[in-house]
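# what shape does this take:
(one chain, ligands or ions: 1)
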Amino acid sequence: MNRVNAKVYRKIGRNPWERLPAFTWPGCYTLVYYAKDYSEFCAKCAENSDTNERIIDVDVYWEGDPLECAHCGCKIESSYGPVEEEAAQ
Ligand SMILES: [Zn+2]
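Alright, predicted model coming up:
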C-alpha cells in the first residue's frame, strides 16, 4: 500500500511511481512532507517504508530555522534561511 497520499503527488506534479523530490523544480525551493500528526519529514523518509507514518501533505518551506526530520533527524533547511530581524525603519 502506498503510504503517501495522492494529494501529495498532485501538489508536486509527480506520479506515484516517481521519487519524492526534496526540492521543487523549477525554483529549487525546499519541500517538507507532513504526516497525519503534522510532524515533518524529509523527502527520503517520506518515501521510506520504515516510517509507518502516512504522508498526507507537502509544502514549500520558505523561511525560518531549519526543521528536523521526525524520522532521521536530519536538518531540513528553509528556502531562504532563518528569518532575520528587520532593520529599524
Ligand atoms: Zn528524514
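# what parts of this structure come near the ion?
Counting by C-beta under 5 Å from the ion, the chain comes close to the ion at Cys42, Cys45, Cys69, His71, Cys72, Cys74. Every residue, glycine included, has its C-beta placed from N, CA and C.
# how about the second one, secondary structure?
So the one you mean is Cys45. On the three-state scheme (DSSP: H, G, I helix; E, B strand; the rest coil), Cys45 is labelled helix.
# spatially central residue in the protein, please.
Val32 (1.3 Å; C-alpha atoms, centre = their mean).
# what about that residue, helix or strand, and which?
For Val32, the host element (DSSP states H and E) is strand 31-35.
# what lines up beside that strand in the sheet?
Strand 31-35 has the following sheet partners, assigned by DSSP bridges: strand 40-41 (antiparallel), strand 55-60 (antiparallel).
# which of the ones you listed is buried the deepest?
Of all these, strand 40-41 carries the top mean neighbour count, a mean of 22, counting by mean count of other C-beta atoms under 10 Å.
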